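Just need the structure, nothing else, for what follows:
(2 chains, ligands or ions: 2)
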Amino acid sequence: MKVILHIWRQDKASTNDNFKQDGRMVRYELADVSPDMSFLEMLDVLNENLIEKGEESVAFDHDCREGICGACGVVIDGVPHGPERGTTTCQLHMRSFKDGAEIYIEPWRAKAFPVVRDLVVDRGSLDRIVQSGAFISVNTGAPQDANAIPIPKSDAERAFDAATCIGCGACVAACKNASAMLFVGAKVSHFAYLPQGRVERDSRARNLVKAMDEEGFGNCTNQNECEAVCPKEIPVRVIADMNREYLRAKAREG
Amino acid sequence: MNLDSRIPGGPIQDKWDSRKFDLKLVNPANKRKYKVLVVGSGLAGAAAAASMAELGYQVECFCYQDSPRRAHSIAAQGGINAAKNYRNDGDSVWRLFYDTVKGGDFRAREANVYRLAQCSVNIIDQAVAQGVPFARDYAGLLDNRSFGGAQVSRTFYARGQTGQQLLLGAYAALSRQIGLGTVKMYNRTEMLDVVLVDGHAKGIIVRDMVTGEVRSHAGDAVVLATGGYGNVFYLSTNAKGCNVTAAWRAHKKGAGFANPCYTQIHPTCIPVSGDHQSKLTLMSESLRNDGRVWIPKKQADKRPAHEIPDDERDYYLERKYPSFGNLAPRDIASRAAKEACDKGLGIGETGLGVYLDFRDAIARLGEPAIKARYGNLFHMYGKITAENPYKQPMRIYPAVHYTMGGLWVDYDLMSSIPGMFVLGEANFSDHGANRLGASALMQGLADGYFVIPYTIGGYLAGQKAGSVDVNHDAFQQTVATVNDRVSKLLSIQGKRTVDHFHKELGKIMWGRCGMARNDAGLNEALKEIPALREEFWQDVRVLGSGQSFNQSLEKAGRVADFLEFGELMCRDALERRESCGGHFRDEWQDEGEARRDDDNFAHAAVWEHKGEVKDAVRHQEELKFDNVALAVRSYK
Ligand SMILES: Cc1cc2nc3c(=O)[nH]c(=O)nc-3n(C[C@H](O)[C@H](O)[C@H](O)COP(=O)(O)OP(=O)(O)OC[C@H]3O[C@@H](n4cnc5c(N)ncnc54)[C@H](O)[C@@H]3O)c2cc1C
Ligand code: FES
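Ligands and ions are numbered 1, 2, ... in the order given. All right, here's what the predicted structure looks like:
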């Protein structure tokens, strides 16, 4: 099959909020695309062609190529990770597109995710939120036996549903406010259902919300776009979990 | 080359305790004066960096991804072993030790393996305390499954993403230390060399992958936890960025490289679909708990699987290995699949595939139960192949997965360069010639949480803190060589892309140093690889500049190292004139089963660099088996 690609090209890291000045969309045609190729393999082929023509390849983040590391992620025809639900960019296959399709490919757009080059953005803000408190403060060597505290299966499953977040940032890219509530909610919810996580629940909720605000993420206005694009289908109920934990912490602060 | 393994004396059960007691300690107030550089943020690196920072050392940690959470450990699916014996099925530290030594085909160091089994139980406790959501039963207690090469259920798991959940635990511990300012994290930073001062590792040279800046970092010790080299084959289940660069550059500075030819070919991966293929996807070994492996009895049987009646199917693992059945170890299951396909019994369009069938398990347990166990794997399989594994069997074929070889380390995990320690998949120590499933996560975390925090102190106690800084001549010189190499790659301006060379190398390695190896093929490879390398340095095309984000340049550096390393692998495979574990030499077999030669090869082969790969010198560390008797490894 054949596709026409429009790809965001940008040589240098973003300098200001008016991203339109930093780069532009460039049109490429690509023939001999196999429907069995993954989307990233299609970009590999494009890049090989570009290099052969003497043009620099399109930069994009990727590593595991099996939907778990969270490195990949581009906006495809306006949708983060493209048209398939519950699918990362690397797990998307060309059979999801029609022969002759025109495909628009752009980086995540958010104030807290400055573009590094082409389709690559800096998601360091997500790491910094985690550093502010998305953990249990246990040192190596201190724990008791793993089976000392049974955890009801239903609680463990709820914690797990939140813990499946791969930190790709699609939720932020999908949100018109560039809010990180689904990401932060997933972190809070993961620990909130586990007895070992409850000890620090108040400080965790407060610290994460503060860090999120400081990084320049927007507010949540309940659009639920985040849930729709999340490749791990994390439900918006984690945002409710987080609001509950946060209000509880505020109330106890007095 | 000093290859003293420094294994403590005394009975095997007491060795680790006695070493911990004998190691010199660094006084708590002095720890903060020492700086440790940790390269890698996977299970081994993140666990090490966090644990050492908790003890009070200053730590700097490096990874090439944009976040430490993305290290390749994240991709592990199936589980992690631990001798908890929660199932009351006869497991023990001794049995895990025994299974691992036997599973490695008697080519690992007993003392290290015993310590690994001992630490395994603490890992599960640690992970649960961090909030790792392992699978639980209805009583709220931890659940287990079985993995290959064991007859007990000792594998802890977290749906099909045990690696991500364990790494998130280690990453959380690391993030806590970053937040506290005790670890300084450098993302998108690639290590390109080590710096030695008076023979000791005192720093590293890195390239900032965003700005292109080449920079020095000085420390009192260096810890490499940079993962495995499976990508030398181009196609593997490893992440695209996995590389041998850090280990190889260390080797060229004097670190012995042990058993490079020991690579693991995993039996259950999704078969190659075409030339565009950029990587291979694993279907976890855990699937063999419920999936049955078979091929048609007739050659070129084109009927759809469900039309082939049971008596015309060959469940060859169950037939050949009745006591382990579908849970035969990986090397054995892979070889059996290759043998079947070589005989023309393979399935699918290419004939390079066998079935992994869940029909019986679904009939017995129902689709929801199978979905709960393996849902994400079935989903992944469906995405890639556009087939529904609930309705038709999976097609699978072996693929490169893991590397048992790695930098040589002593009992304390120190390489032959004093002050340079190597953890996780990057070292060679615990898995011999074949790794059992669910043992790599265990090893990475044991090394990072429970070994290095002790043994690093033993080294640092004898060193003056902060004795070297980046103004030392050794740093200036090494920066200059790194810069020269970058400029060289950019100046060639040839005709072929980096991927072209990587794919060519992969074909040579898979064809000649893959599932089966022989004298003629390896000798051929030893001509082909240097020729390809020569061509690379004449004709590779790397565009752009060194002062920017340049993914072609990154790849070029890694492929250049693979082009040297592949040659060493083939030399090692040629010199090991026996079959053992994942290393199968056509010349040494008993009807398809590996034939070891314990009289001549019960040793680790450790290579010393001497300027050119062809001149590397092979040393031996003899392996002694005092606790597990050397025996023919049988899973029948
Ligand atoms: C698909 C898959 C499934 C698996 N499933 C299982 C399983 O179920 N159970 C099991 O026990 N094992 C499994 N394994 C094996 C296991 O995951 C790995 O062996 C293990 O996680 C390796 O951990 P590590 O910490 O040594 O290295 P990695 O996790 O690979 O980390 C390497 C780190 O080093 C960094 N790095 C590398 N090179 C450089 C450089 N030059 N400069 C700077 N940083 C660098 C990387 O950024 C990364 O942070 C699986 C492996 C694969 C491929
Ligand atoms: S590349 Fe890892 S999730 Fe896509």
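
can you give me the strands for the stretch 251-400 of chain B?
For the stretch 251-400 of chain B, the strands defined by DSSP state E, counting those that start in this stretch cover B:257-258, B:263-269, B:292-296, B:313-314, B:354-357, B:394-403.

Distance check, B:Tyr34 against B:Gly56.
B:Tyr34 sits 9 Å away from B:Gly56, going by CB to CB, to the nearest Å. To be clear about C-beta, it is placed using only N, CA and C from the backbone, and glycine gets the same treatment.

okay if I get the strands of the stretch 251-400 of chain B as CSV plus mean pLDDT, distance to ligand 1 and mean neighbour count?
Shown next, in CSV, are the strands of the stretch 251-400 of chain B (pLDDT from 0 to 100; distance: least, CB to the nearest ligand atom, whole Å; neighbours: other CB atoms under 10 Å in any protein chain shown):
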stretch, mean pLDDT, distance to ligand 1, mean neighbour count
strand B:257-258, 98, 15, 28
strand B:263-269, 96, 8, 27
strand B:292-296, 97, 18, 23
strand B:313-314, 97, 28, 18
strand B:354-357, 97, 16, 24
strand B:394-403, 96, 5, 27
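
Nearest to B:Leu166, out of those strands?
Closest approach to B:Leu166 among these (CB to CB): strand B:394-403, 16.2 Å.

before we move on, the earlier item: between B:Tyr34 and B:Gly56, point out the one with more neighbours.
B:Tyr34 (24 against 17; other CB atoms under 10 Å in any protein chain shown).

ok, that one - contacts?
B:26, B:57-58, B:220-221, B:460, B:463, B:465-466 (CB atoms under 8 Å, 6 or more residues apart in numbering or on different chains).

and those, which are buried?
Listed as buried from the contacts of B:Tyr34 are B:26, B:57-58, B:220-221, B:460, B:463; burial here means 16 or more other CB atoms under 10 Å in any protein chain shown.

filter these down to the ones near chain A?
The overlap between these and the neighbours of chain A (CB under 8 Å from any CB of the partner chain) is empty.

farthest pair in those?
B:Gln58 and B:Gln463 (13.9 Å).

For the closest residue to ligand 1 within the stretch 251-400 of chain B, which non-adjacent residue is spatially closest?
Relative to ligand 1, the nearest point of the stretch 251-400 of chain B is B:Leu282 (4.0 Å; CB to the nearest ligand atom). Among residues not flanking B:Leu282 along the chain, B:Thr237 sits closest, at 4.3 Å (CB to CB, 6 or more residues apart in numbering or on different chains).

Touching, that neighbour and B:Leu280? I think so.
Yes: taking contacts as CB atoms under 8 Å, B:Thr237 lies within contact range of B:Leu280: 5.3 Å.

Now the common contact residues for the two.
Common neighbours of B:Thr237 and B:Leu280 are listed as B:269, B:399-400 (criterion: CB under 8 Å, 6+ apart).

how about those residues in CSV, adding distance to chain A?
Shown next, in CSV, are the shared contacts of B:Thr237 and B:Leu280 (distance: CB to the nearest CB, whole Å):
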residue, distance to chain A
B:Cys269, 11
B:Ala399, 12
B:Val400, 15
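
so who does the residue in the stretch 401-550 of chain B that ligand 1 sits nearest to touch?
Per CB to the nearest ligand atom, B:Gly424 is where the stretch 401-550 of chain B lies closest to ligand 1, at 2.3 Å. Residues near B:Gly424 by CB under 8 Å, 6+ apart: B:40, B:42-45, B:225, B:227, B:440, B:443-444, B:447-448.

among these, which are in helices?
B:43-45, B:440, B:443-444 (DSSP state H).

Closest to ligand 2 out of these?
B:Leu43 (16.8 Å).

Output stretch A:172-182 as PDB - backbone C-alpha positions only.
Output in PDB follows, covering the C-alpha atoms of stretch A:172-182 (Å, rounded to 0.1, in the frame of the first residue of the first chain):
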ATOM      1  CA  VAL A 172      -1.700  15.100  28.700                       C
ATOM      2  CA  ALA A 173      -1.500  15.400  24.900                       C
ATOM      3  CA  ALA A 174      -5.200  14.500  24.500                       C
ATOM      4  CA  CYS A 175      -6.400  17.100  27.100                       C
ATOM      5  CA  LYS A 176      -7.300  20.500  25.800                       C
ATOM      6  CA  ASN A 177      -6.000  21.900  29.200                       C
ATOM      7  CA  ALA A 178      -2.900  19.700  29.100                       C
ATOM      8  CA  SER A 179      -3.800  18.300  32.400                       C
ATOM      9  CA  ALA A 180      -1.800  15.400  34.000                       C
ATOM     10  CA  MET A 181      -4.700  14.300  36.300                       C
ATOM     11  CA  LEU A 182      -5.000  10.800  34.800                       C
END
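
Could you pull out the buried residues of that stretch?
Applying a neighbour-count criterion of 16+ other CB under 10 Å, one finds A:172-175, A:178-182 buried in stretch A:172-182.

Show me which pair in these is furthest apart.
Distance extremes for the buried residues of stretch A:172-182: the farthest pair is A:Ala173 and A:Met181 at 13.4 Å, using CB to CB.

okay, now B:Gly199: neighbour count?
10.

Tell me how many other residues surround the closest residue to it other than its chain neighbours.
Among residues not flanking B:Gly199 along the chain, B:Pro418 sits closest, at 6.3 Å (CB to CB, 6+ apart). For B:Pro418, the neighbour count with other CB under 10 Å is 17.

distance of B:Pro418 from chain A?
According to CB to the nearest CB, to the nearest Å, B:Pro418 stands 25 Å off from chain A.

could you say which helix or strand contains that residue?
Using DSSP states H and E, B:Pro418 maps to neither a helix nor a strand.

close enough to count as contact, it and B:Gly462?
No: between B:Pro418 and B:Gly462 there is no contact under CB under 8 Å: 9.5 Å.

that older thread, report the contact partners of the residue nearest to B:Gly199.
B:199-201, B:459.

what does B:Arg633 give?
B:102, B:105-106, B:594, B:596.

what inclination does the helix or strand that contains B:Cys570 have with respect to strand B:263-269?
Using DSSP H and E, the element containing B:Cys570 is helix B:551-575. Orientation check (axes from the mean of the first three to the mean of the last three CA atoms, to 10 degrees): helix B:551-575 against strand B:263-269 gives 110 degrees.

and helix B:551-575, does that touch ligand 1?
No: applying CB under 6 Å from any ligand atom, one finds helix B:551-575 out of contact with ligand 1, separated by at least 7.9 Å.

and that helix, average pLDDT?
Throughout helix B:551-575, pLDDT has a mean value of 98.

And it, how far out from the chain middle?
Distance of helix B:551-575 from the chain centroid (CA atoms, centre = their mean, to the nearest Å) equals 16 Å.

phi, psi of the residue of chain A at minimum distance from chain B?
As assessed by CB to the nearest CB, chain B sits closest to A:Pro150 within chain A, at 3.2 Å. Backbone torsions for A:Pro150, taken as degrees, to the nearest 10, come to phi -70, psi 150.

Inside strands: which ones of the buried ones among the contacts of B:Tyr34?
B:58, B:221 (DSSP state E).

Identify, from the buried ones among the contacts of B:Tyr34, the entry nearest to B:Ile508.
So of these, ranked by how close each gets to B:Ile508 (CB to CB), first place is B:Ala221, at 37.1 Å.

Pull up the gap between B:Phe501 and B:Val542, please.
B:Phe501 is 11 Å from B:Val542, where distance means CB to CB.

Correction: the previous question concerned B:Lys184.
31 Å.
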